[in-house]
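[1] heads up, no residue letters with this:
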């Protein structure tokens, strides 16, 4: 949204209003509201770049003129005899070349000269100048008006400077009444208009410089500089007030020369206030644009030095954290001392743990186990926690940060560090709500893009976090990695070694759990089952006391998701038996019940609770098949028959995991791709963590 230039609210009047109740009452700049001014400008004018000028060179010429003229006036005011020397000229004259449109400048100079004081005449003259410069871009309109002013102003003091030694200069100075101008050098009004770093003319010059800088940024994609469009939208209105102010300054200068009535002091004060607002608006936009531009440059640098070039980790990490070659020291949780990036990370593999302050105890525990294992192996690794903390920081945030840091033996980034490389982290590494764990080698190459899922599923077995290691882990039967650790059945390992049929089960409905257990007991007492088709049931989600453990189940589902994401990353998200089974199980997360049938750890099927109960109820219909086939085969065949008779849509809601996630997923029940939806969320500028 563009920053408003509006003055304090008053009832707006037409641009040429004569509605004052007192004929002598002076109009205020507040009568020329931004809406009225811009409406009038856009009614007749557009940003036309038919005629282009070299704006930086024009600015340099204007600065030279005003600087030298101000030196002359300052010395005249102090009564000092001063002559420009060769060295002075060398310092103040640049090699810039401009080809000004002389006829247009003469016309603007004529429009600026000898106008009646007051805001209405200044407004009328400003619109005339807009007409004269119709084929020029907005900022060019402003700079050409200012160079016309600077030409006249510089000419006056140039003539005075040489009037003591040059008869021609003396005659011309008399004609132009420079002596009358000298009388006003002591006045505050003169300094308010011209001879002051914050004068109206200097403010106009600074505004033009800012507009030029904004236009220089317009070569970038607005997607990279989102502040740019709102800044560009301000330029026509700012151009109006710059030209209006130059006109008012030239009228004031004319009153000094002709010794006529000056501009109203209130009007000059209001213009000073208006130009202060103009500069504040431009500076606010430029600060945001420069910050975004720095972010773009940093983003490109990180892309190059992480993805394309081999760059030492001690150079990349400071740039990622602070955008600079140096960054604040890291806190070493093992020594409780600050250490520099160079001394602690040189030649090391680095594991970045990027998270908000809501990182879970489970994740911290798993990372701590990895840290301990790495130290036990004397591995060449360092772990660094990068906290993403929303601004402004709250005291509770600091307390939470201090607590979390106290639990970590590895390195931590300082609390107040604003992560400069957030765009890269979010776009390339895809940081979302979930913690992100990125493994980098000593040359900053990404070894594994998001190892948090490896750690959640396999813990220390995931070391050394390579794709080859992940592939080796994925070659195991998935129940071995995702089911066995979530039960406290003491006889489970014996059953696995005996390759028994095992029904792992769980669910949200205790009634379903009870019905399943009762019907399973009925089956186990049947002679056909007892005579070689025996199976065991194992409840998922009970603690050592045999009670339901919600935290254990939460870790269970996180592990299923982790396995699915790693499998999709390494193998791909297209349908495969393992991926289908895991995805099917995930889709049952909110079901009353579910069952995984395995022989040892080899999966046979994953079933929805309602079908499993029906299968157990209809045991008499399929029990005779046990005479010729093994229990798992008969169980699976009859389950598939029931599944064909019913249809229920599968729904999978992907959590806000960081890192790559599959966008195309095959349905676990059929060959079709699952439909995807779109969700929109805005944090209104706050951190998303």
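    Ah, there it is. Note that the coordinates shown come from a computational prediction; the quantities given were computed from them, not determined experimentally.

[2] going forward, measure contacts and count neighbours with C-alpha atoms only.
    OK.

[3] where's residue 372 relative to residue 470, distance?
    20 Å (CA to CA, to the nearest Å).

[4] Looking at these two now, which is surrounded by more residues?
    Neighbours were counted for residue 372 and for residue 470 using other CA atoms under 10 Å; residue 470 has more, 22 against 15.

[5] Next up, the contacts around that one.
    The neighbourhood of residue 470, defined by CA atoms under 8 Å, 6 or more residues apart in numbering, consists of 454, 462, 566, 570.

[6] and residue 355, what is it in contact with?
    385, 386, 387, 388, 433, 434, 435, 436, 689.

[7] Quick check on it: phi, psi?
    Here is the backbone geometry of residue 355 (degrees, to the nearest 10): phi -160, psi 170.

[8] and it, bridged to which residues?
    residue 387 (DSSP bridges).

[9] Do you know the pLDDT at it?
    With respect to pLDDT, residue 355 has a value of 95.

[10] With the one 5 residues further on instead?
    Taken from the predicted model, the pLDDT recorded for residue 360 is 94.

[11] cool, and residue 532?
    Looking at residue 532, the pLDDT reads 62.

[12] quick one on the thing from earlier: nearest to residue 615, of the contacts of residue 355?
    Of all these, residue 615 sits closest to residue 434, with 38.7 Å by CA to CA.

[13] Pull the number of nearby residues for that closest one.
    Other residues close to residue 434 by other CA under 10 Å number 19.

[14] ditto for residue 545
    For residue 545, the neighbour count with other CA under 10 Å is 8.

[15] follow-up on the earlier one: buried subset of the contacts of residue 470?
    454, 462, 566 (16 or more other CA atoms under 10 Å).

[16] Kindly reformat the residues you listed as JSON lines containing secondary structure.
    Shown next, in JSON lines, are these (DSSP: H, G, I helix; E, B strand; the rest coil):
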{"residue": "454", "secondary structure": "helix"}
{"residue": "462", "secondary structure": "helix"}
{"residue": "566", "secondary structure": "helix"}
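
[17] Look up the closest residue to residue 118, ignoring the ones flanking it.
    residue 263 (6.0 Å; CA to CA, 6 or more residues apart in numbering).

[18] Quick check, the one you found in contact with residue 115.
    No. In this structure residue 263 lies outside contact range of residue 115 using CA atoms under 8 Å: 10.6 Å.

[19] still on that earlier bit, what is the nearest of the contacts of residue 470 to residue 547?
    residue 454 (28.4 Å).

[20] farthest pair in the contacts of residue 355?
    Farthest apart among the contacts of residue 355 by CA to CA are 385 and 433. That separation is 15.6 Å.

[21] list residues touching both of residue 263 and residue 115?
    residue 251.

[22] Pull the distance from whichever strand or helix holds residue 456 to the chain's centre.
    Taking DSSP states H and E as the criterion, residue 456 maps to helix 452-458. For helix 452-458, the separation from the chain centroid amounts to 28 Å (computed by CA atoms, centre = their mean, to the nearest Å).

[23] tell me the mean pLDDT for it?
    Rounded mean pLDDT across helix 452-458 is 95.

[24] what's it packed up against?
    Applying 3 or more CA pairs under 8 Å, 6 or more residues apart in numbering; DSSP states H and E, one finds that helix 452-458 contacts helix 361-376, helix 478-482, helix 550-570.

[25] got CSV for those, with distance to residue 136 too?
    Conversion of those to CSV gives the following (distance: least, CA to CA, whole Å):
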stretch, distance to residue 136
helix 361-376, 61
helix 478-482, 69
helix 550-570, 55
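
[26] Nearest to residue 497, out of those?
    Evaluated with CA to CA, the helices and strands packed on helix 452-458 place helix 478-482 nearest to residue 497, the distance being 12.3 Å.

[27] for the closest one, which positions count as buried?
    Buried, per 16+ other CA under 10 Å, within helix 478-482: 478, 479, 481, 482.

[28] Now that helix: average pLDDT?
    94.

[29] what's it in contact with?
    By CA under 8 Å, 6+ apart, the residues outside helix 478-482 that reach it are 457, 458, 556, 559, 560, 563, 578, 598, 601, 602, 603.

[30] at 6 Å instead, please
    residue 601 (CA atoms under 6 Å, 6 or more residues apart in numbering).

[31] so after it, what's the next helix or strand?
    Counting by DSSP H and E, what follows helix 478-482 is helix 492-497.

[32] what comes up buried for that following helix?
    Buried residues in helix 492-497 (16+ other CA under 10 Å): 492, 495, 496.

[33] before we move on, what about stretch 415-434?
    By neighbour count, with 16+ other CA under 10 Å as the criterion, the buried positions of stretch 415-434 are 415, 418-425, 429-434.

[34] For it, measure first residue to last.
    This stretch, stretch 415-434, spans 19 Å end to end (CA to CA).

[35] Stretch 438-448 now?
    Using CA to CA, the span of stretch 438-448 from its first residue to its last is 6 Å.

[36] gap between that stretch and the chain center?
    Relative to the chain's own centre, stretch 438-448 is displaced by 23 Å; criterion: CA atoms, centre = their mean.

[37] How about stretch 202-215?
    27 Å.

[38] residues making contact with it?
    Stretch 202-215 has contacts (CA under 6 Å, 6+ apart) with 242, 279.

[39] Give me the mean pLDDT for that stretch.
    Stretch 202-215 comes out at a mean pLDDT of 95.

[40] Stretch 405-416 too?
    Taken as a whole, stretch 405-416 has a mean pLDDT of 94.

[41] tell me which residues in that stretch are buried?
    Buried residues in stretch 405-416 (16+ other CA under 10 Å): 405, 408, 409, 410, 411, 412, 413, 414, 415.

[42] Next, count neighbours for the residue nearest to the fourth one when sequence neighbours are not counted.
    The one in question is residue 410. Leaving aside its sequence neighbours, residue 410 sits nearest to residue 333 (CA to CA, 6+ apart; 5.0 Å). Summarising burial for residue 333: neighbours were counted as other CA under 10 Å, giving 17.

[43] From residue 141, how far out is residue 333?
    Residue 333 is 61 Å from residue 141, by CA to CA.

[44] go on, residue 152?
    When distance is defined by CA to CA, residue 152 is 17 Å away from residue 141.

[45] Next: residue 349.
    In this view, residue 349 and residue 141 are 57 Å apart by CA to CA.

[46] Same question for residue 334.
    Going from residue 334 to residue 141 by CA to CA gives 64 Å.

[47] just the helices in the stretch 51-200 of the chain please.
    Listed in chain order, the helices of the stretch 51-200 of the chain (DSSP state H, counting those that start in this stretch) span residues 55-78, 86-92, 102-112, 119-132, 138-162, 167-175, 178-182, 188-193, 200-217.

[48] want to throw the ones you listed into a markdown table with distance to residue 631 and mean neighbour count?
    Formatted as a markdown table, the helices of the stretch 51-200 of the chain follow (distance: least, CA to CA, whole Å; neighbours: other CA atoms under 10 Å):
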| stretch | distance to residue 631 | mean neighbour count |
| --- | --- | --- |
| helix 55-78 | 85 | 18 |
| helix 86-92 | 98 | 11 |
| helix 102-112 | 98 | 17 |
| helix 119-132 | 91 | 20 |
| helix 138-162 | 84 | 22 |
| helix 167-175 | 115 | 15 |
| helix 178-182 | 111 | 17 |
| helix 188-193 | 98 | 18 |
| helix 200-217 | 72 | 21 |
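
[49] among those helices, which gets the worst mean confidence?
    Here these differ in mean pLDDT, and the lowest is helix 86-92 at a mean of 46.

[50] What is the helix or strand hosting residue 595 packed up against?
    Per DSSP H and E, residue 595 falls inside strand 594-599. Contact partners of strand 594-599 among helices and strands, from 3 or more CA pairs under 6 Å, 6 or more residues apart in numbering; DSSP states H and E: strand 501-506, strand 602-608.

[51] Throw those into a markdown table and include distance to residue 593, mean neighbour count and mean pLDDT, thanks.
    As requested, the helices and strands packed on strand 594-599 are exported to a markdown table (distance: least, CA to CA, whole Å; neighbours: other CA atoms under 10 Å; pLDDT from 0 to 100):
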| stretch | distance to residue 593 | mean neighbour count | mean pLDDT |
| --- | --- | --- | --- |
| strand 501-506 | 6 | 23 | 96 |
| strand 602-608 | 7 | 20 | 93 |
